[in-house]
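Q: compute the structure for the input listed below.
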Amino acid sequence: MTDLLRTPLFDLHQELGARMVEFAGYEMPVQYKPGVLKEHLACREGAGLFDVSHMGQVVIRHPEGPEAAAAALERLVPQNVIDLKPGRQRYGLFLNNAGGILDDLMIARREDDLFLVVNAACKEQDVALLKSGLPDCEVEVIDRALIALQGPRAEAVLSGIVPAAAEMAFMDVLSAGSEFGELWISRSGYTGEDGYEISVAPDQAVSLVRKLLSADGVEPVGLGARDSLRLEAGLCLYGHDLSTETTPVEADLLWAIQKTRRSGGTREGGFPGAETVLAQIAEGATRKRVGLKPEGRAPMREGVELFDGDQKVGEITSGGFGPTVGHPIAMGYVDIDYAAIGTTLTGEVRGKRLPVQVVDLPFRPATYKR
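A: Below you'll find the predicted structure:
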């Protein structure tokens, strides 16, 4: 793995006994000594600390201010960015001209600029898209570490360092001074738990993480448990549940497209793939992402084909065991006629057809602080 990139926390991961794997061009911890199951439960019961420094952090500025930057960004995303208030963020999508999803991202509105966090595997493509699509803006890639602190203990722990963190609500963003320099904090994360994502200068990252890990109930968590946590929360993983072959409507992400950008809205359309997406909103898509519960104890993983009798009607895109819920869980796409809750299909596992039921998402309710 000598050609792979490393985050500022690489040496600390090794010190903590992490097993490192390749992920999106980086050496990343997949698990630590306790193992995936214990790390998963530590996040649900106390607080899990994740290194997400491999993700892309981008600041967008416009000479005329953040309002002009927001208006420019709306040319590239189907979200309402103009009305996003300072100190708030929302989930966003980059689409291609056919409505396929190029990436999902977070868009934060700060006092003087917009701050975006994009997926690691897509960041070069995303930055190129931003620079070509926003010629009137400055697009700056930021060299900072990014840490997620997730779980019921997260507020108590972080507010010991930044007291104002306790007053934040879900999807609030804040820049605050600390003993570790300026921290850019959002109350969000990808586990279904209340928690935070914290952007910190690279040379302060190890000190901050050591401080957080010294608190009662905080444990380091690797990519393995991060995957099972987000799956229980019904959250998509780009490259698996989302791709250029899926549209936001098919992916059941219609909630992420505000009414002002839909047909009849004050700024309808005007984003890549708008014709396809708006038509699917009006007429419905031919398939849909759904939750799936395999019967028995055997997980059904990505790539398992789904059948009604001998007719293939879908495929699993994420699957595994849900440690909190205590049974196998999965997500996938099925033809729209089979997307109703309670529909029973079969999944082909090692040559056998086993029952799997369409169920509600998420598998475990989120605990965000509203």
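Q: which non-adjacent residue is nearest Asp241?
A: The shortest distance from Asp241 to any residue other than its chain neighbours is 4.5 Å, reached at Thr317 (Cβ to Cβ, 6 or more residues apart in numbering). The way it works is simple: take the backbone N, C-alpha and C, and place the C-beta from them, glycine included.
Q: and that neighbour, what is it in contact with?
A: His240, Asp241, Arg289, Glu302, Met331, Gly332, Tyr333 (Cβ atoms under 8 Å, 6 or more residues apart in numbering).
Q: my read is the third one is in a helix, agree?
A: What that stands for is Arg289. No. Arg289: not assigned to a helix; according to DSSP: H, G, I helix; E, B strand; the rest coil it is strand.
Q: tell me the pLDDT of it.
A: Note on Arg289: pLDDT of 98.
Q: of the contacts of Thr317, closest to Ile107?
A: Asp241 (20.0 Å; Cβ to Cβ).
Q: from Leu95, how far off is that closest one?
A: 16 Å (Cβ to Cβ, to the nearest Å).
Q: comparing the two, which shows the higher neighbour count?
A: Comparing Asp241 with Leu95 by other Cβ atoms under 10 Å, the one with more neighbours is Asp241, at 25 against 22.
Q: all helices of the stretch 201-350 of the chain, in order?
A: For the stretch 201-350 of the chain, the helices defined by DSSP state H, counting those that start in this stretch occupy 202-213, 223-232, 274-283.
Q: mind putting these in a markdown table, mean pLDDT included?
A: Shown next, in a markdown table, are the helices of the stretch 201-350 of the chain (pLDDT from 0 to 100):
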| stretch | mean pLDDT |
| --- | --- |
| helix 202-213 | 98 |
| helix 223-232 | 98 |
| helix 274-283 | 98 |
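Q: quick check: which of those helices is buried the most?
A: Comparing the helices of the stretch 201-350 of the chain by mean neighbour count (mean count of other Cβ atoms under 10 Å), helix 223-232 ranks first with a mean of 24.
Q: how far does it sit from its chain's centre?
A: Taking Cα atoms, centre = their mean, to the nearest Å, one finds the center of helix 223-232 at 11 Å from the center of the full chain.
Q: same thing with stretch 215-228?
A: Distance, centroid of stretch 215-228 to centroid of chain: 16 Å (Cα atoms, centre = their mean).
Q: begin at 17 from here
A: From this message on, residue numbering opens at 17, which makes the last subject stretch 231-244.
Q: ends of that stretch, what's the gap?
A: 24 Å (Cα to Cα, to the nearest Å).
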